[in-house]
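> Test case, fold it:
(chains A, B, C and D)
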2 protein chains.
Amino acid sequence: MIPGASRRLAATRATLLPEHKPEGTRGVILEVSLKLFAERGYAGASIREIAEAVGMKSASLYAHYPSKEHILAELCRIGHEEHRRSIQRALLECGADPRDQVVAYVHAHVAMHAQFPMLAVVANGELHALSSELGAATFELRNQSIQMLEDIVRRGIERGVFQIPHVWLGVAAIGAMGMRVAYWYTPEFELSSQRVADVYAEFALRLLGASAPVHSEAPADRSAAQSGPAQG
Amino acid sequence: MIPGASRRLAATRATLLPEHKPEGTRGVILEVSLKLFAERGYAGASIREIAEAVGMKSASLYAHYPSKEHILAELCRIGHEEHRRSIQRALLECGADPRDQVVAYVHAHVAMHAQFPMLAVVANGELHALSSELGAATFELRNQSIQMLEDIVRRGIERGVFQIPHVWLGVAAIGAMGMRVAYWYTPEFELSSQRVADVYAEFALRLLGASAPVHSEAPADRSAAQSGPAQG
DNA sequence: GTCAACCTACCGATCGATCGGTTGTTTTCT
DNA sequence: AGAAAACAACCGATCGATCGGTAGGTTGAC
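Down below sits the predicted model:
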């Protein structure tokens, strides 16, 4: 089992990509809020705790953000934007084969949840705390990301490379297993985030009943470990 | 997509099995707390809201439970006990084939998350809010349930019926996809909870690279596909 | 048969603490 | 000098929890 089981998630450090982190104090507030929201939940973290962790008084926060909710809204937006961006980029770099696209999607999906676990936990798990006004844009991003996977799967079925009892359930299951990674992954895990993403991409292909690719030069070493190839 | 996306979970009714629901007022308090904890989180639900939903003043709650945390502790315990009990029972009713055992486990796992979504969401997602003293027993239950699946998978690998790159990741992925069901399933979903559980059991077999069973009378229609029933 | 004792269930009032947020002032940096 | 940043002080509201007390029913000794 994963140690420290009484914590909400295993990660201990809040990371924000430089391109998403505002300059100066705003960035510090955002990163500190991310950590506290991830560890205690939005309702469980107070602005005084945030301020103290930043090194200032709670009143000073309001010179940088108009409300606690606006901080959460920005974190949710950043999380889902990064999620969509990394998936979009991965899809652009792979070919037209639905199998490659699923691998690209799931790899990006899982890697993001492993590399930015706190951002993923907050952006997904605290989104409901936002008013519809502040959360609308983020919901739209989220739906787009889900739709992308569904489109890939449906196209794969039409081409006969996927066999699955229920498309929506498959998409939900693949999304779910990746999302959960954010709760247990730490850099101390025996596998790198990239290797975890590789394995999960293989899981997704299996789950979709993917047929063996015909185009690959090498005889498809998809089943990596353990030994034998699984699932034809 | 699932409607009502701004809610934390799709379910709207809190259900507690009669054998878990205390008699009288204690039972009402527990069920009402379950609903509010599921919808707003433990920190986001106040004892005054709970009391008002029950139909009494907050002071009266303390005649039935010593603290807010004790209410959560009981809900977490009930949730994980029911989870373990339903899995245990399913395993007793299936044979010795690891494939059957995985099907039994995942079916029970998913069915419980679909039938008692609020209980699952609270027992899993708010467990971290408990002090180590009040949460210890529940953590133990949780670890036992996970261990049971890991044992099944390892035994299946030893017998050569499963092929999987990484046992722990497989167990984590299977657990994750089931847990997520609690967030989107409602009785209005196009499939019954039993059918959803069937499909997820098939997903798990695929994910584990299960070889076709030799004992089955019918020629293993596991790959069902596209529409037909999953899981043979 | 009655009345004091006891019990369960609940309530109004209130506790100290903390909540998110506002105001006006001071400090800091350029 | 002037703008940005942080401050102390404070707001009304709400937090979880405690208190003494009350209404209504049951019990049992006399």
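> The helix or strand bottoming out on mean pLDDT in chain A close to DNA strand C?
In chain A, the helix or strand scored least confidently by mean pLDDT, DSSP states H and E is helix A:58-61, which has a mean of 88. Yes - applying CB under 7 Å from any atom of the strand, one finds that helix A:58-61 is in contact with DNA strand C at A:58-59. Heads up, the C-betas are built off the backbone N, CA and C, glycines and all.
> secondary structure element for the residue nearest to the spatial centre of chain A?
In chain A, the residue lying closest to the centroid (CA atoms, centre = their mean) is A:H113, at 3.7 Å. Assigned by DSSP states H and E, A:H113 falls within helix A:98-115.
> Dump the following helix or strand past that helix to PDB, restricted to CA.
Later in the chain than helix A:98-115, the nearest helix or strand by DSSP H and E is helix A:117-125. In PDB, the C-alpha atoms belonging to helix A:117-125 read as follows (Å, rounded to 0.1, in the frame of the first residue of the first chain):
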ATOM      1  CA  PRO A 117      -1.500  15.800  -8.500                       C
ATOM      2  CA  MET A 118      -2.600  18.700  -6.400                       C
ATOM      3  CA  LEU A 119      -3.700  20.700  -9.400                       C
ATOM      4  CA  ALA A 120      -5.600  17.700 -10.700                       C
ATOM      5  CA  VAL A 121      -7.200  17.000  -7.300                       C
ATOM      6  CA  VAL A 122      -8.400  20.600  -6.800                       C
ATOM      7  CA  ALA A 123      -9.400  21.200 -10.400                       C
ATOM      8  CA  ASN A 124     -11.500  18.100 -10.500                       C
ATOM      9  CA  GLY A 125     -12.600  17.600  -6.900                       C
END
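> Where is the longest helix in chain A?
In chain A, with assignment by DSSP state H, the single longest helix is helix A:132-158.
> Can you check what angle separates the helix holding A:H113 from helix A:132-158?
Counting by axes from the mean of the first three to the mean of the last three CA atoms, to 10 degrees, helix A:98-115 lies at 140 degrees to helix A:132-158.
> Helix A:98-115 near chain B anywhere?
No - using CB under 8 Å from any CB of the partner chain, helix A:98-115 never reaches chain B; the gap is at least 9.7 Å.
> sorry, back to before: so who does the residue nearest to the centre of chain A touch?
By CB atoms under 8 Å, 6 or more residues apart in numbering or on different chains, the contact set of A:H113 is A:120, A:178-182, A:185.
> Try it again at 10 Å.
Neighbouring residues of A:H113 by CB atoms under 10 Å, 6 or more residues apart in numbering or on different chains: A:83, A:119-121, A:124, A:177-183, A:185, A:193, A:196-197, A:200.
> Report pLDDT for it.
On pLDDT, A:H113 comes in at 98.
> Likewise for A:G228?
Note for A:G228: predicted pLDDT of 37.
> What of A:E190?
Predicted confidence (pLDDT) for A:E190: 97.
> Up against DNA strand C, what does chain A have?
A:45-49, A:58-59, A:62, A:66-69.
> Try it again at 6 Å.
Residues of chain A lying near DNA strand C by CB under 6 Å from any atom of the strand: A:46-48, A:58-59, A:62, A:67-69.
> Of all pairs in these, which one is the farthest apart?
Greatest spatial distance in those: A:A59 and A:E69, 17.0 Å, computed using CB to CB.
> what about the two, which has more around it?
Remark: of A:A59 and A:E69, A:E69 carries more neighbours, 16 against 10, as counted by other CB atoms under 10 Å in any protein chain shown.
> so the more buried one touches A:S132, yeah?
No - here A:E69 lies out of contact with A:S132, judged by CB atoms under 10 Å, at a distance of 11.8 Å.
> where in chain A is pLDDT low?
A:1-5, A:214-232 (pLDDT under 70).
> can you map out the helices along it?
For chain A, the helices defined by DSSP H cover A:24-40, A:47-54, A:58-61, A:68-92, A:98-115, A:117-125, A:132-158, A:167-184, A:193-207.
> send the alpha carbons of the fifth one over as CSV?
Right, helix A:98-115. Output of helix A:98-115 as CSV, limited to C-alpha atoms (Å, rounded to 0.1, in the frame of the first residue of the first chain):
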residue,chain,number,x,y,z
PRO,A,98,-7.3,5.4,-33.1
ARG,A,99,-5.0,3.1,-31.1
ASP,A,100,-2.2,5.6,-31.3
GLN,A,101,-4.6,8.3,-30.4
VAL,A,102,-5.9,6.5,-27.3
VAL,A,103,-2.3,5.9,-26.2
ALA,A,104,-1.5,9.5,-26.7
TYR,A,105,-4.6,10.7,-24.9
VAL,A,106,-4.3,8.4,-21.9
HIS,A,107,-0.6,9.0,-21.6
ALA,A,108,-1.1,12.7,-21.5
HIS,A,109,-4.1,12.3,-19.2
VAL,A,110,-2.2,10.1,-16.7
ALA,A,111,1.1,12.0,-16.9
MET,A,112,-0.7,15.2,-16.0
HIS,A,113,-2.4,13.6,-13.0
ALA,A,114,0.9,12.2,-11.8
GLN,A,115,3.0,15.3,-12.4
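> Mind listing what's buried along it?
Neighbour counts over helix A:98-115 (16 or more other CB atoms under 10 Å in any protein chain shown) mark A:98-115 as buried.
> how about the least confident helix or strand of chain A, does it get close to DNA strand D?
Yes - with CB under 6 Å from any atom of the strand as the criterion, DNA strand D is reached by helix A:58-61 at A:59-60.
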